[in-house]
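Enquirer: Could you work out the structure for the sequence below:
(5 chains)
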Amino acid sequence: MTQPILKVTGLKKHFPVSTGGVFSKGKGVVKAVDGVDLEIFPGQTIGLVGESGCGKTTVGRTVLKLYEPTAGTIEFNGEDITNLTPKQMKPRRSQMQMIFQDPFASLNPRQTVGTLIGNTFDIQKITPQGGKVEEIQRLMKRVGLNPEHINRYPHEFSGGQRQRIGVARAIALKPKLIVADEPVSALDVSIQAQVVNLLEDLQEEFNLSYLFVAHDLSVVQHISDRVVVMYLGKVMEDADKKDLFLNPRHPYTKALLSAVPVPDPKIGRARERIILQGDLPSPVNPPAGCVFNTRCWKAQDKCRTEVPELVQIQPGHKIACHFPEPASA
Amino acid sequence: MSKMTSRHLRRRLLATTAATALLAAGVLVGTAGTANAAAKTGGTLYFITHSEQFDHVDPARVYTGRDIAFFNSYLYRNLVSYKPTAGSAGSSLVADLATNTGVPSNAAKTWTFTLRPGSTWEDGSAVTCADVAYGVSRPFAQDVITDGPQYLVQALDIPKNDDGSSKYAGPYKKTGQELFDKAVSCKGNTITFKLNRSFADFNYALTYPAGAPVKKAKDTGDKYDLKPYSNGPYKIESYQIGDEMVLVRNAAWKKSSDSVRTPYADNLVVRFGLAEDVRDQIMLDNSIPNTVSLDGLMPANNRAFFDDPKKANQRMNVYDPYVSYAAMNVAAGHMDCLNVRKAVFFAINTQALIDLSGGTVYYGVPGDSPVKPVLGLDYKPTTGNIHDPAWKITGAPDKAKELMAAAKTACPAAYDRATNPDKGIVWDISKTSTNEKASVLITNALKLAGIVMKFNFIPGGQYYSTVMNPEKQNDISSAGWGADWANASTVIPELFTKEGGFNLSQNWNDAAYAAFKKKSDAAKNETNRAKQAKGWQELGQYVMDQYWIIRPIFGKGQFQWGSSVGGVYYWEPQGTFGFGQLYVK
Amino acid sequence: MSAFLEVKNLTVSFPTEDGLVQASNDISFSVDRGETLAVVGESGSGKSVTSLAIMGLHNRQTTNINGSAVLNLESGPIDVISAPEEQVRRLRGKAMSMIFQDPMSALHPYYSIGDQLSEAWRLYNKGDKKAGFKRATEMLELVGIPDASKRVKEFPHQFSGGMRQRVMIAMALINNPALLIADEPTTALDVTVQSQILQLLKDMQKEFNMAVILITHDLGVVAEVADRVNVMYAGKIVEQGVADGIYYKPDHPYTIGLLNSIPRVDQLEGKRLIAIPGQPPSLINLPQGCSFRKRCTFADQVADNLCATIAPSLDMKENAHFSRCHLTEKQLVAARGGK
Amino acid sequence: MADNAVLEVEDSAQDFAQRTPKQIAWKRFRRNKVGVASAWVAIFFIMAAVLAPIIVRLLGLSNTLTYPETLNEYAMPIGKFGGISLDHPLGVEPGTGRDVLSLLLYGSRISYTVAVITSVSTIGLGMLIGVSTGYFRGRVDAIVGRFSDFLLSFPGTFMIIALSLPLVQRVEAMGIAKDNAARIVVLVTFFVFFGWPGFARLIRSQAMSMRERDFVMAAQAMGASSWRIITKELLPNLWPTAIVFLSLSLPGFLSAEAVFSFLGVGVQAPASTFGLVLSDAIGYWRDDPAYLLIPSTMLVTIVLSLNLLGDAIRDALDPKGSR
Amino acid sequence: MLKYLVRRISATLVVLTLISMSVFLIFDVLPMDPARLTCGKACSPAVVEANRHRLGLDVPVQVQYGRWVKGLFVGRTYGEGQAEFTCPAPAFGYSFNRHECVTDLLKRAFPVTLSLAIGAFFLWLFVGVSLGIVAARFKNRWPDRASNVFVLVGTSLPTFISGILILLFVALKFGFVNPIDLGKWVSPFENPLGWINTFIFPWITLALAYAATYTRFTRSNVIETSSEDYIRTARAKGLSEKVILRKHTLRAALAPIVTLAGLDFAGLLGGAIITEGIFNLPGLGRLSIRAVLNDYDLPIIVATTMLAATFLVVMNLLVDILYAYIDPRVRVA
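Expert: Okay, the predicted model is just below:
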């Protein structure tokens, strides 16, 4: 088997927070990511799903060392990059890129498209073959933008087009890994598909690996090879796409899947739906034991005291649950 | 008389000499109300002023004519006082707490006074000889009793330290108390002063409240300046600096014991800190008819007030006791070149400066001596300065250029400094809008003569302590002075000798200073008044020839009061109202 | 008998610096008690503007409105478009209610939940604050907020997103309205919470026998709850019909495109998505003809360049199914991929 | 195949206006009639100050010369309205007979100089500190924050009054500047010293929120250094704030200078800033009200036009913030 | 809650200590010599030294500071022998120019400044806030435009000009104020009408600029708040516009004004120098500026500086606490 492009072991990222209002003083930590393992192979797409606050975005940022990890190791291309300084990271950054959720916030409004894409070359001090401007225009064309618009500002583009600028920027240096953080969730339905298709095409073309972070299971399901389900900073289930969607073994995954609406009235009405009770607990005070126990319909005493390990229960399928769902036929 | 207050200086400014004709008369008195026409008792009399406070209230510290006249009329009594009448008769002495005006003996080195019985303090207790002695002892406490006249400290026969300070440190520290007790002694109601020199007019020095009694038990040191214990017809009910002072009748005072004072009004209220335009508005509109203004008007408002025929009985315009002048700091590196001093004098446009400050009618006329004609005997028109044919009242830049050309060879360093745009001559002046304008006029006039003049504006309250500090004093300082009594011994030694209290010329490094000092000392000790006067005249001429001071102005003062104030007259020796006879119509 | 709400030819526009914005154009639909009408469309398609106009919540100074929206109340019909402002106000909260997308910002941060609920209740009911709080607590219980009697005194920021949306629903329903307009009620919520809220909405509809207008961009949500569907595009209803019809036999290329372009969680064979090309048009100075024309892959099939010149009207294609398209039935079948 | 799929979605000539942010602001500004008018007024006054020597010479006047013939024997202007005449369009100064127009023109040069230097330095310092504390946060931010809190709790106005005289002396003694130059140095230093915390806070909060924006993270993901992020990503976005602050602080400092000159702790004669002229004019308000009213009107007009201009610039740059 | 208070108060005390230290240090390193300034005419070096001792300036600055702090708690004694006297605690020092304990001076000046500040404060709050609300409600219509004119004039007219114009051309010219009583302190408890008469023009002067700022601030806050979602919610409930404005919009729009107003008020307590100067009010501002310009009276300068700083710091604390009560989001985590 080939070497993974990215290997993450026991990754933790804790943020200090002050919990108090005016009348109470308290310091705590948000365990945004609390022990996550990941492996991404060249050309593979890993979908990272979970509800807001589950730490999926933090994972994406931490593996790119935009956040300093609290614990764990990150290996990129076989090299341990966990403790590299920003300076040491710099040359490696051309190999790993990011696409952001909000196409409005991720583009500096005071820079032209040319500058936005060209920044990458300037920072890495790379002069592309055939000239910078030409390369930028080639990239623009590649992602479906009119190369003549090189001197336009982001506000002159629609959301979908902006996201294309973001994509062009990310692929400019032909990276090996792209962390795509909710790349389509801010887009209109009719535009989402354009960007999803673009990402798929680019993957094919450049043999890219994606860490695809999203809350929308439909999109994740569509684009991923493997899917990792997170809840409160922890991995609940990690499996091959088909395995996971056809045969979710973790109660949380099961509930999550059942909650996804399907654009088909008959199926929609017919489907059995698991409605979880209550809300996501605060990540500052996560529940003891299994973090999901407060909302799990199968929770027992064990779940409230003992943290379930992420274990492989069949080849390529790991879950963290004391009482997994039965494997279906 | 007394030193001008900084307040006076703020209004009075620099100008140079004018015609001699005006100098003859000591008084060019304007109209004055007649005293005691139909004096009425009762009512409240208001006094208004822009000042924040009286400079001092403590009798040992009061030293300005206005404040002395005010408190002497209302609050405390001296052994002797000036006669409270208009005209030159006002300059004669009358017995007050004493039964006589003092008996000199031992070539005027010993003076005795006998206390009049029946005078009392606020609490009804008698004013004793010990109270007088105690009062006299207080100015020796130089760290507490500041600013007062130093005649007693200087003249009493008490040994001095090497630095000139007295070996007696005042009643608080009591160091050398026995030395004081030897110089000032009581026997019953008679007090004896022993002096270290002949002092023919020592009793005049006692018109200053520095010689007034203070009841020891009521002395509060520094705080006595806020509320002295009264033995006069009024007492202080309240005094808040920056706000007001209220005087009410002192029930313990008896008319029978006091031949000098006539309290008419029931209450006296002094309002401090009025904005100048507000103060002027009150006078111009007569909005408070029972008001007396303790200040003059702003120059711009003088004319409106004095041209108004309806106000004919509410004003006077007189030659006051003051001479204002610019003192040359002749210390080395400053104005040490006579030609430069002269050049500055000749270049100045005196007319413009006088106009700026109210014109000759209200401001004053160019003078030719540090001694004012009002001193009579001691004044004699000088030669040179404003009588120089080359001098012009609007400035004589050509003459000044000539002088500068001479200075170029005579004293090149001084010449260079005076003409170098980066250096120039620096003139210390208190910060007022009139002075700021005067600086423009002077700078412009001197520019015509090629002299560079710069001005150092100093906040009023810090002016004298700055310019009298030789380290901080610049080249020229504006100042003003009035004789302490009708003798130039209170002018020339004070202003031009090292021992004087107000030497701005710093002239003791001058080559001829020793001779000057000798002559001055001789004149001071001279008991023959005519001979003494001659000495002062000569010294005055010398001062003017040396241009130690330039462009003295024989100043005028204006006084205004509301329409229901009666009993107003000009008390010549004090240079202000005769407060004692004021009443509310 | 006519439906509870009947909207006819409703047109909303407002002037801006750059020109007149045709926010919604010639909208007609009706909805009755017990029925859920979903309005689907992308951002800027005019779906929210329409509902705000019905509620009378648009800015009256800057907005031009034509057409009518008649509420058939027991006391008689009222056209909320032409009725005086004050009269419409008295309908809000009682005859018709609305909940919004972002429950975080839709609740006043300075007042307790109980205050805000009881204020709504006391507007149409006599009772003091205490009674208001009692009623508020009941409502909170009804919408499934645990520990309601305690939480009624708390402030919005102490609630989670899902709970806030429950509060919003409780507040909207506290006066038992006949019509509830839910504007993207679950967009800001996580899927697990979304299904809770959708379930709640269904329950509440049954409980109160309301007419519900659900505004959303999510075809999945629509499929789960809607009886009938309006598909909007560029300010116009392009297709209108019962849910099954819209999903299984869409009659407009836009609807077809939308259904083809969204991935489905239940279809694991990763077919390439068929995207709708281009961008939605700006609502200012809409082009002549069909506004979908430029993105429509079938426009060139229509003869005489009709799409570019004549705006299609909303025609009935079959029983109670309307569509705004020049394509023939045959061409549409082809567009649907043969169905 | 893939290529085609992408290209087919290329926008078919979206009619977004092709304008830079600057052009948009400029267009918005030009639509604001009041703003344009006040800009002209402000430019008029500023040009008049800049060109004061030329204007004054063209009129055959001088700001230092006195015109004795315009004054009577009490040194009051001859003629009505403070001696307004063809020769002296705004009259003459009582007392000295200087030309008021020249005085005010030259005086406003000083006022503008103080205002401009102060505003620019305040903004420079505030920008530097605000951006770096906002971006780096951490300990330096905490210390600087405390320090600026500390500064803000000082009564600035009073401190200027209390300390200006000794500080001017010190500045002169140190040979940094002399006379009015020294006073200006002290005044400006004070204004900046007490002025920067406010602006730094504003910039800091913006920098902090901007730091959380994805485009900063995008730059980090590309490997950009902090310096590059600050200069290329943050500063260009903070300029509008700085320009708005500049345009609003300029009139503020202009009148502050007038206030302190009025109180006697600013520049001194023979200079003639608004504050000096006004404090002088109070003494003449009965006899020569024009001398009080003309400079007042002029100062208020300048401040008003600059304020209006500032508002217009703010509206143009940031149409949302209507403060 | 209590813990928080203790923490904040102790932090405030630390700040105050630091401020007082730096005030001492600042005035110590300056080339002003108060001993020299108080020395008067007979000024020999010996007298200067004696005065330096009398003023307590002959010891190192830390000792001076120590004495000052001690004086705050136990009072201070000045002079020797017969002339000895004590300023009781809290003693801010003794002014040898005014012959009074600084504390007494402050006690007298403070009610004046407080009266000025309170009156102006309520005046500008009332005018500013109500004009701002009116302007926001009638946005872009004539009341808005009119209030905009007011805002512009108010913010462009420096206080020293408006004050002079009001004093000279209104108050005095039409005889609203007896000039001799100008600035005379009248206690509101003894003579309320006289108090108002004394302060009405200073109030107007001072309030003018602030009212303009508050009008602008209120207007923009109200407008901004009006577009908040929760206002739309209130409207959707069926509340009338009046109720929405009063109960919902204003509550949120005016909350930030509390902070602003608190700090502005505290700033005034430190002395409204210009207004007090123009109207001759014997308040803290005039006390301090006279102390600086007339005689460089160090104890007064230090005391007023400290006092002004204290007001700001304490008011900051109060505003924070008050704000927590207004905004529940701040109150509880």
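
Enquirer: C-alpha from now on. contacts and neighbour counts both.
Expert: Will do.

Enquirer: quick one, what contacts the closest residue to chain B within the stretch 51-200 of chain C?
Expert: Taking CA to the nearest CA, chain B has its nearest neighbour within the stretch 51-200 of chain C at C:Tyr110, 48.9 Å off. The contact partners of C:Tyr110, by CA atoms under 8 Å, 6 or more residues apart in numbering or on different chains, come to C:155, E:251-252, E:326-329.

Enquirer: which of these are close to chain B?
Expert: Among these, not one lies near chain B by CA under 8 Å from any CA of the partner chain.

Enquirer: quick one: is the longest helix anywhere in chain C near chain A?
Expert: Of all the segments of type helix in chain C, defined by DSSP state H, the longest one is helix C:191-208. Yes. Counting by CA under 8 Å from any CA, chain A has neighbours in helix C:191-208: C:191-196.

Enquirer: tell me the contacts of the nearest residue to B:Ala130 once chain neighbours are set aside?
Expert: Once flanking residues are discounted, B:Ala130 sits nearest to B:Cys186: 6.8 Å by CA to CA, 6 or more residues apart in numbering or on different chains. B:Cys186 sits next to B:129-130, B:133, B:192 when contact means CA under 8 Å, 6+ apart.

Enquirer: In those, find the pair that's most separated.
Expert: Maximum pairwise distance among the contacts of B:Cys186 (CA to CA): 11.3 Å, between B:Ala130 and B:Thr192.

Enquirer: Now residue 89: closest residue in space, sequence neighbours ignored.
Expert: Reading this off chain A. Nearest residue to A:Met89, sequence neighbours excluded (CA to CA, 6+ apart): D:Gly223, at 7.2 Å.

Enquirer: look at chain C instead
Expert: Counting by CA to CA, 6+ apart, the residue nearest C:Arg89 is E:Gly238, at 5.1 Å.

Enquirer: okay, now the one you found: neighbour count?
Expert: E:Gly238 has 25 neighbours, counted by other CA atoms under 10 Å in any protein chain shown.

Enquirer: tell me the contacts of it?
Expert: Applying CA under 8 Å, 6+ apart, the residues near E:Gly238 are C:89-94, C:120, C:123.

Enquirer: let's see it at 10 Å
Expert: C:55, C:86, C:88-97, C:120, C:123-124, E:232, E:244 (CA atoms under 10 Å, 6 or more residues apart in numbering or on different chains).

Enquirer: And the residues of helix C:191-208 next to chain A, which is closest to chain E?
Expert: C:Gln194 (20.7 Å).

Enquirer: Touching, that closest one and A:Gln277? I think so.
Expert: No. The criterion here is CA atoms under 10 Å, and C:Gln194 misses it with A:Gln277 at 11.7 Å.

Enquirer: which of those two has more neighbours?
Expert: Set C:Gln194 next to A:Gln277 and count neighbours by other CA under 10 Å: C:Gln194 wins out with 22 against 14.

Enquirer: Distance-wise, check E:Thr12 relative to chain D.
Expert: 11 Å (CA to the nearest CA, to the nearest Å).

Enquirer: What of B:Gln560?
Expert: Relative to chain D, B:Gln560 is positioned 18 Å away (CA to the nearest CA).

Enquirer: Could you point out the helix or strand that follows whichever strand or helix holds that residue?
Expert: In this assignment (DSSP states H and E), B:Gln560 forms part of strand B:549-560. Scanning forward in sequence from strand B:549-560 by DSSP H and E, the next helix or strand is strand B:565-566.

Enquirer: Sheet-wise, list the partners of that following strand with their directions.
Expert: Strand B:565-566 pairs in its sheet with strand B:583-584 (antiparallel), by DSSP bridges.

Enquirer: from the chain's centre, how far out does the partner strand sit?
Expert: 27 Å (CA atoms, centre = their mean, to the nearest Å).

Enquirer: what residues does it touch?
Expert: Counting by CA under 10 Å, 6+ apart, B:35-36, B:38-46, B:262-266, B:289-291, B:562-568 sit against strand B:583-584.

Enquirer: among the residues you listed, which ones are buried?
Expert: Buried subset of the contacts of strand B:583-584 (neighbour count, 16 or more other CA atoms under 10 Å in any protein chain shown): B:35, B:39-40, B:44-46, B:262-266, B:289-291, B:562-568.

Enquirer: Take these and keep only those in strands.
Expert: Mapping the buried ones among the contacts of strand B:583-584 onto strands (DSSP state E) picks out B:44-46, B:291, B:565-566.

Enquirer: circling back to that earlier point, closest to chain D among the contacts of C:Tyr110?
Expert: Comparing these against chain D with CA to the nearest CA places E:Ala252 closest, at 16.2 Å.
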